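> Next one to model:
(2 chains)
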Amino acid sequence: MMYIVFIMSVLYVVGFIGFSSKPSPVYGGMSLVVSGGLGCGIIMGSGGSFLGLVVFLVYLGGMMVVFGYTIAMATEEYPETWGSNVVVLGAFLVGLLMEVFMIMWLFSGEHELMGFYFGGLEDLMVLGEEGFEYVREDYSGGASLYSYGFWFLAMAGWMLFVSIFIAIEVTRKRY
Amino acid sequence: MPYIYINIILAFVISLIGTLIYRSHLISSLLCLEGMILSLFTLNALLSLNINFTLSTIVPLILLVFAACEAAVGLALLIIISNTYGLDYVQNLNLLQC
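Below you'll find the model as predicted:
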């Protein structure tokens, strides 16, 4: 249980190998969704519950849904999966072997495990005058987007607005 | 903790290799591009949380906004290719071939 975040990061890499070995995009999208969920778990292991929620809502729930129905539009009749094509299976096995060798290299040898702690650094304890107070790091960081990072917010909003017009203009039919 | 960083950087390199190597579909490369952005987001978020620098939590959020715009433009280009050629096979993109 102590190593749960490390195991999640290993499965994260395995998920990345899964869609990087290029099966049919349907299976690649599924592997990316699994990796996104594991990435959320890794971030929450360091106490970032807001950023984990952002991964699920914005990334998986927004962008992957769009990818999902675009894939459904441009897919083929017999999608190839990891077991049906020897090229995809070979690439997946090579990546898996690389990951296993890396883990074996990490956990052997004489280098000391510096900083190998998995304590949840969830709250930043502030020593006040009376008692202790807690600061939620990622919530206050996300909220500072609207106060200190107002220019970031303005540029990001303007960019989203312009990219809608870019997408409309790019997909206009020219006859 | 550094072992988790190694895994996430390794995931970035794996999806970078996946972006640069084409197989039949173009959308698989776009999917690997999304994987690169996911690994960058995870790395940024972990670094911001573990060095306790609260203000840099803005960086993963802005990265996600830019990634959404880039995915939109990439998918729009894919739609045009799919409308012109029927499918998004990479071997169809050979107009500039001599």
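
> What are the boundaries of the helices in chain B?
Using DSSP state H, the helices of chain B run over B:2-20, B:27-50, B:58-85.

> Output the ones you listed in TSV; the columns should cover distance to chain A and mean pLDDT.
Yep, even glycine has a C-beta here, placed from its N, CA and C like the rest. Formatted as TSV, these follow (distance: least, CB to the nearest CB, whole Å; pLDDT from 0 to 100):
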stretch	distance to chain A	mean pLDDT
helix B:2-20	3	93
helix B:27-50	4	94
helix B:58-85	4	92
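
> would you list these in CSV and tack on mean neighbour count?
Shown next, in CSV, are the helices of chain B (neighbours: other CB atoms under 10 Å in any protein chain shown):
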stretch, mean neighbour count
helix B:2-20, 19
helix B:27-50, 23
helix B:58-85, 18
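
> and chain A, what are its domains?
As assigned by the TED database, chain A contains the domains A:1-127, A:132-174.

> Which residue, neighbours along the chain excluded, lies closest to the residue of chain B found nearest chain A?
As assessed by CB to the nearest CB, chain A sits closest to B:Thr57 within chain B, at 2.6 Å. Closest residue in space to B:Thr57, ignoring its immediate chain neighbours: A:Gly141 at 2.6 Å, by CB to CB, 6 or more residues apart in numbering or on different chains.

> isn't there a strand covering the one you found?
No - assessed with DSSP: H, G, I helix; E, B strand; the rest coil, A:Gly141 is helix; it does not lie in a strand.

> In this structure it contacts B:Ser56, no?
Yes - counting by CB atoms under 8 Å, A:Gly141 does reach B:Ser56; the two are 7.1 Å apart.

> list residues touching both of these two?
In terms of CB atoms under 8 Å, 6 or more residues apart in numbering or on different chains, A:Gly141 and B:Ser56 are both contacted by the residues B:Ser48.

> More neighbours: these two, which one.
Each of A:Gly141 and B:Ser56 has its neighbours counted (other CB atoms under 10 Å in any protein chain shown); A:Gly141 has more, 26 against 16.

> so B:Leu31 touches A:Phe19, yeah?
Yes - B:Leu31 is in contact with A:Phe19 according to CB under 8 Å; the separation is 5.8 Å.
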